[in-house]
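Student: Give me the fold of what follows.
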Amino acid sequence: MSFFIFLFFFLPDSGAGLKFQSFPISSQDSLWRERGSIEDKWLAEDKFWHFSVSLALVGSSYHLFKCRLKEKETSSTFFSLIGTFSLGVVKELWDKKKPNGHFSYRDLIYNLLGIGVGYFLFIDD
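Tutor: Here you go, the predicted structure:
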């Protein structure tokens, strides 16, 4: 049930007809001065995907290192958490290189939330 509530809040255009207020990033922020005001919503489908992919990457990479490659638990945990976070940062840097792209700290926050939930679901004993 909580999963459906989660989807309800993170997929605002999924047929429920809900519209969430967007929070434009201020042009006063030094990171965004070059590109002007960029809209980056806290609740959007993009945030759901950042959370979900990070969660899945933690679980699958931990399984790969621990069960398939027979690594120690500590190194498997380290590589799955740091590797997933690093991929998130690289993805944001890649987005910044696109013509109208930007680096989103909000996406990184959702990545960290997904990593945290993935740790407690798949790794923590």
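Student: how near is the nearest residue to residue 106 once chain neighbours are set aside to residue 70?
Tutor: Computed as C-beta to C-beta, 6 or more residues apart in numbering, the closest residue to residue 106 that is not its neighbour in sequence is residue 40, at 5.4 Å. Just so you know, the C-beta spots here come from the backbone N, C-alpha and C atoms, and that holds for glycine as well. As judged by C-beta to C-beta, to the nearest Å, residue 40 and residue 70 stand 42 Å apart.
Student: before we move on, what about residue 92?
Tutor: From residue 92 over to residue 70 (counting by C-beta to C-beta), the distance is 33 Å.
Student: which of those two has more neighbours?
Tutor: Per other C-beta atoms under 10 Å, whichever of residue 92 and residue 70 has more neighbours is residue 92, with 18 against 8.
Student: For this structure, list the residue farthest from the centre, please.
Tutor: Computed with C-alpha atoms, centre = their mean, the maximum C-alpha offset from the centroid of the chain is found at residue 70, amounting to 27.6 Å.
Student: quick one: what helix or strand has that residue in it?
Tutor: For residue 70, there is no host helix or strand (DSSP states H and E).
Student: And the one 4 residues further on, by the same measure?
Tutor: Following DSSP H and E, one finds residue 74 within helix 73-97.
Student: now the next helix or strand after that helix, how far from the chain's geometric center?
Tutor: Using DSSP H and E, the next helix or strand after helix 73-97 towards the C-terminus is helix 105-118. Offset of helix 105-118 from its chain centre (C-alpha atoms, centre = their mean, to the nearest Å): 4 Å.
Student: Now do the buried residues in helix 105-118.
Tutor: 106, 107, 108, 110, 111, 112, 114, 115, 117, 118 (16 or more other C-beta atoms under 10 Å).
Student: before we move on, the earlier item: contacting residues for the residue farthest from the centre of the chain?
Tutor: For residue 70, no contacting residues are found, by C-beta atoms under 8 Å, 6 or more residues apart in numbering.
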